[in-house]
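1. Would you be able to build a 3D model of this:
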Amino acid sequence: MPETIRAGILGATGAVGQRFIQALENHPWFEITCLAASEKSAGKKYGKAANWRLESKMPDSVTGMEIVPVDPKKVDADVVFSALPSSFAKTVEAEFAKEGFVVASNASAFRMEKDVPLVVPEVNADHLGLIDVQQDKRGWDGYIVTNPNCSTIIMVPTLKPLMAFGLESVQVATMQAVSGAGYDGVASMAIMDNIIPYIGSEEEKMESEPLKLLGEFDGSEVVPADIKISASCNRVPVMDGHTEAIWAKMTDNPTPEQVRQAFLNFKPDLGDLPTEPEQVLIVRDEPDRPQPRLDRSMGKGMSITVGRIREGIRYMAMGHNTIRGAAGASVLNAELLHKMGKL
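-> Presented below is the predicted three-dimensional model:
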């Protein structure tokens, strides 16, 4: 395998695109060789076109890079990380895969396609077997791999260890940060001193995506998990970090201590992947944790913190929505693909 893999970012000027740049800065395996964005930004230097919103400084390595159009004939890369809007991604990501690119997508456009892997490496790495199915079916030289919705990805790693107890049903109420809607997504006068009890299509994603993620790959397709999920999604005035109240029903009726231990013992062996946190699930025993401001940066934003595990089983889960829930998830998928020799 090559020492350095050329990486492009599609939708590089947006919030998730900026997180991709942050995640790939000084990455040991990937080097950013191309930044692509809309026609409005194409031809400009990144430092001039992007309104940098992150707390860290814009990396010097990208400031002077010229933005190219989102076109496979203009992009110089082996793998592209997609932060494109779903409506645009449906067409564009397919064009890149046809042209031989590996597309690690954060967009929702292809997540539920039967031949496209929807992956959280710690949960269902074996679903990457769908890559061969996808290429055979579509005749593509490249392929698309997706990661789930930002709220789904906070919940599903906590459900995986509960499968051993015979997970039957899940109810979840989310308290989702405003950054999940993008910088211009929620007006300040709408969210300040307020909670918005509706996020378009979010509940549907949380009720469908986990069934694919927790399903079984039989060599040709994923058989969805037989779990009933009911979600209620809410936008709250928090900058970063989605918090979720989860109720899980299991046939074995485990105790809170058994569930706590299952969370602590959840340590999938992915090998040495640079973005993988030391502890996927962090358990806090304090009665008032997790909290976004205190816990969202655990594991450099890639760990999920759980707490308040009570009879029922009821517990809280919290994770960083634009790192673990977006850019970091795609980068981790690409790292696993590289380790498997698929880049």
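2. Could you pull out the strands in the stretch 51-200 of the chain for me?
-> 68-69, 79-82, 102-105, 143-146, 167-176 (DSSP state E, counting those that start in this stretch).
3. For these, could you give me TSV that also reports mean pLDDT?
-> Converted to TSV, the strands of the stretch 51-200 of the chain look like this (pLDDT from 0 to 100):
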stretch	mean pLDDT
strand 68-69	97
strand 79-82	98
strand 102-105	98
strand 143-146	98
strand 167-176	98
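4. Relative to Ser220, which of these is closest?
-> Judged by CB to CB, the one of these that comes nearest to Ser220 is strand 143-146, at 15.7 Å. The C-beta positions use only the backbone N, C-alpha and C, and glycine is treated the same way.
5. chain center to that closest one: distance?
-> In terms of CA atoms, centre = their mean, to the nearest Å, the centre of strand 143-146 is found 13 Å from the chain centre.
6. if we can go back for a sec, dump the strands of the stretch 51-200 of the chain to TSV, plus mean neighbour count.
-> Formatted as TSV, these follow (neighbours: other CB atoms under 10 Å):
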stretch	mean neighbour count
strand 68-69	17
strand 79-82	28
strand 102-105	28
strand 143-146	27
strand 167-176	20
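7. got these as CSV, with distance to Pro237 columns?
-> Putting the strands of the stretch 51-200 of the chain into CSV (distance: least, CB to CB, whole Å) gives the following:
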stretch, distance to Pro237
strand 68-69, 37
strand 79-82, 29
strand 102-105, 29
strand 143-146, 29
strand 167-176, 10
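8. who wins for proximity to Arg314 among the ones you listed?
-> With respect to Arg314, and counting by CB to CB, the nearest of these is strand 167-176 at 9.3 Å.
9. Output the contacting helices and strands for that closest one.
-> Using 3 or more CB pairs under 8 Å, 6 or more residues apart in numbering; DSSP states H and E as the contact test, the elements touching strand 167-176 are helix 152-159, helix 202-213, strand 228-235, strand 242-250.
10. Pull up the pairing partners for that strand, direction included.
-> As defined by DSSP bridges, the strand partners of strand 167-176 come to strand 228-235 (parallel), strand 242-250 (antiparallel).
11. re earlier: which of the strands of the stretch 51-200 of the chain sits closest to Tyr46?
-> Relative to Tyr46, the nearest member of the strands of the stretch 51-200 of the chain by CB to CB is strand 68-69, separated by 10.5 Å.
12. Tell me which strands that closest one pairs with, and in which orientation.
-> If you go by DSSP bridges, strand 68-69 pairs up with strand 30-37 (parallel).
13. Excluding chain neighbours, give the residue nearest to Gln134 in space.
-> Excluding the flanking residues, the one nearest Gln134 by CB to CB, 6 or more residues apart in numbering is Asp115, at 4.2 Å.
14. and the one you found, what does it touch?
-> For Asp115, the contact set (CB atoms under 8 Å, 6 or more residues apart in numbering) comprises 130, 133-134, 137-138, 221.
15. circling back: ranking the strands paired with strand 167-176 by burial, who's on top?
-> strand 242-250 (a mean of 21; mean count of other CB atoms under 10 Å).
16. So for that strand, mean pLDDT?
-> Averaged over strand 242-250, pLDDT sits at 98.
17. Can you show me the helices along the stretch 51-200 of the chain?
-> With helices called from DSSP state H, counting those that start in this stretch, the stretch 51-200 of the chain shows them at 60-63, 86-98, 121-124, 130-138, 152-159, 188-191.
18. Of the ones you listed, which is nearest Thr251?
-> helix 152-159 (14.4 Å).
19. rewinding a little: so which of the helices of the stretch 51-200 of the chain gets nearest Pro277?
-> Per CB to CB, nearest to Pro277 of the helices of the stretch 51-200 of the chain: helix 121-124, 9.5 Å.
20. Can you name every helix or strand that the closest one contacts?
-> Partner elements for helix 121-124 (3+ CB pairs under 8 Å, 6+ apart): helix 152-159, helix 328-339.
21. I'd like the distance from stretch 178-191 to the chain centre, please.
-> Taking CA atoms, centre = their mean, one finds stretch 178-191 lying 19 Å from the centre of the chain it belongs to.
22. and if you look at stretch 6-15?
-> Taking CA atoms, centre = their mean, one finds stretch 6-15 lying 15 Å from the centre of the chain it belongs to.
23. Distance to Pro277 added to the strands paired with strand 167-176, as CSV?
-> CSV is the format used below for those (distance: least, CB to CB, whole Å):
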stretch, distance to Pro277
strand 228-235, 25
strand 242-250, 17
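24. per-residue confidence at Val222?
-> Per-residue pLDDT puts Val222 at 98.
25. Now for it, how many residues are close by?
-> By the criterion of other CB atoms under 10 Å, Val222 has 24 neighbours.
26. Spatially nearest residue to it, not counting backbone neighbours?
-> Gly215 (4.5 Å).
27. Test my guess that Lys338 contacts Glu3.
-> I think there's a mix-up here, since residue 338 is His and not Lys. No - with contact defined as CB atoms under 8 Å, His338 and Glu3 do not form a contacting pair (11.2 Å).
28. Same drill for these two, tell me which one is more crowded.
-> Legend: neighbour count by other CB under 10 Å for His338 and Glu3, higher for His338 (20 against 7).
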